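# give me a model of this one.
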Amino acid sequence: VRVESPNARQPITATTDADGFYQLEAPAGPITVTALQPGYDLPPATATVAETKVVKHDIALRTPLLVADKSKVSVSARAGQTRTATVTLTNKGDLPATWLAREIDSATPPAGVPGKVLSSFAVKDFYYAFGVGYRNGELIVSNSYLLGQVQRFAADGTSLAKGVLDIGGWPSDMAYVPGRDLMCAPKMWIVGDLPIVCFDPDTLEVKETITGPWAGKLYYGLAYRAADDTFYLSGDGVIRHIAGLSHPQPGSVLGECTPPVPWMTGLALNEEHNVLWGINQDAKEAIWAMEPDTCRALASMPDPDPNPISGAGLDIDEQGNLWTVAYRNQPYSSKVYHVDGSLPAYSDVPWLSAGTSGDVAPGQKGAVTVTVDTTGLTPGTYVATVLVTNNGAKGASTPVTVSVTVTK
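Residues are numbered from 1 along each chain as shown. Sure thing, here's the model as predicted:
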């Protein structure tokens with residue numbers, strides 16, 4: 001819960017208990033109250049605090065709540081025929097719901113709960129933490145306030161070491177290059193060339209520098225692809241695919257695309273599923289799953305930190321889960337979150353197609369149209385899954401099993 005008062009130098013915050021109760025002390029006079037929780041929204045409300053009096057102010061958070069009318073679709077048809085079915089989506093929440101539907105060539109819905117916070121820890125020694133890089137069970141976090149200051153943590157938040165990366169600026173989002181045992185990050189500063197610097201994670205000695213036609217502007221997010229030694233770099237409203245150190249011209253631009261939202265401050269690549277994760281920094285933050293070469297949105301999940309304009313660095317571990325830093329305007333209050341990043345193996349199912357996206361207003365209904373085409377199929381039963389994801393805090397993904405029995 002966040003309270004702002006013209007008589008207070010900084011916002012006053014409190015965290016509710018498990019039952020939702022909160023209590024805080026604010027100066028007498030008018031105040032603005034809001035509550036922050038991932039996946040929820042609440043317009044600011046005003047109240048007046050009287051001296052030595054208790055003011056009761058209840059809050060009702062809002063979120064989309066998208067419910068499907070069925071979890072299975074079964075059809076029967078002869079070879080060469082087409083059948084359609086409709087899955088009705090009802091928004092029982094009080095915010096608009098945005099949904100995406102993707103095909104999975106499997107009868108088993110994906111395990112895990114994408115977006116679930118697995119753990120978190122505070123970065124108490126940094127004025128403003130920003131970047132994060134993951135290497136072999138450890139994390140390196142950067143400070144955007146003191147030039148080059150970094151701290152290494154164990155996955156449980158235990159501090160392992162502190163040091164200074166001497167680059168004349170500070171490293172933003174980080175990406176690990178395992179073949180060279182280097183941690184790389186765009187250099188951030190207010191003037192001058194802004195290359196990608198690659199350093200020894202243990203000694204903090206700079207080993208390589210990558211520059212290109214993009215240098216000189218503010219770049220934040222960085223992800224690494226080991227398969228072809230390339231990077232993805234976000235900033236300037238786009239995501240650029242650039243050549244790595246083994247290429248004849250490191251830093252040369254291999255391609256670029258425009259992300260679904262601007263201001264991507266962190267990137268991470270899931271090579272197994274060929275999905276580029278990104279987090280944006282603005283009043284409506286989310287973690288986005290994108291196609292690396294087109295930036296097309298595949299899915300999204302809420303930013304784990306409820307504070308607005310907190311999205312910062314992003315990285316990925318061996319299990320495909322994400323690590324992200326919550327950059328906050330309040331000094332010494334940054335946090336690192338470990339988030340479930342489990343992904344299904346999205347794939348095209350030749351005999352199946354489904355409506356790809358849509359919006360449903362509160363209290364209204366929408367529909368996902370599922371089409372089955374049995375052309376070229378031999379008699380038998382075929383099963384796949386349509387996964388419908390949405391931006392709600394609850395029930396953010398709904399698997400729909402689709403089966404077709406092809407008769408003679």
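
# just for this structure, where's the confidence low?
38, 191-192, 283, 344-345 (pLDDT under 70).

# find the centremost residue of it, please.
Geometric centre of the chain, nearest residue: Ile287, 1.6 Å, by Cα atoms, centre = their mean.

# what is the strand or helix carrying Met183 packed up against?
Assigned by DSSP states H and E, Met183 belongs to strand 182-188. If contacts are counted by 3 or more Cβ pairs under 8 Å, 6 or more residues apart in numbering; DSSP states H and E, strand 182-188 sits against strand 129-135, strand 170-171, strand 175-177, strand 196-199, strand 206-210, strand 219-225, strand 230-235. All C-beta spots, glycine's among them, are computed from the backbone N, C-alpha and C.

# among those, which is nearest Leu146?
Distance to Leu146, taken as Cβ to Cβ, is lowest for strand 170-171 among the helices and strands packed on strand 182-188, at 7.6 Å.

# still on that earlier bit, contact partners for the residue nearest to the centre of the chain?
For Ile287, the contact set (Cβ atoms under 8 Å, 6 or more residues apart in numbering) comprises 115, 277-279, 300-304, 314, 322, 324, 339.

# can you rerun that using 6 Å?
The neighbours of Ile287, taking Cβ atoms under 6 Å, 6 or more residues apart in numbering as the test, are 279, 301.

# may I have the phi/psi pair for it?
Dihedral pair for Ile287: phi -100, psi 120, per degrees, to the nearest 10.

# bridged to it, which residues?
Taking DSSP bridges as the rule, Ile287 bridges to Ile279, Met301.

# could you measure from it over to Ala299?
As defined by Cβ to Cβ, to the nearest Å, Ile287 lies at a distance of 9 Å from Ala299.

# which elements pack onto the helix or strand hosting Thr48?
Taking DSSP H and E as the criterion, Thr48 maps to strand 45-49. Counting contacts by 3 or more Cβ pairs under 6 Å, 6 or more residues apart in numbering; DSSP states H and E, strand 45-49 packs against strand 29-34.

# just checking: what are the partner strands of the strand it packs on?
Strand 29-34 is paired, per DSSP bridges, with strand 2-4 (antiparallel), strand 45-49 (antiparallel).

# and the contacts of it?
Here strand 29-34 makes contact (Cβ under 6 Å, 6+ apart) with 2-5, 7, 42, 44-49, 57.
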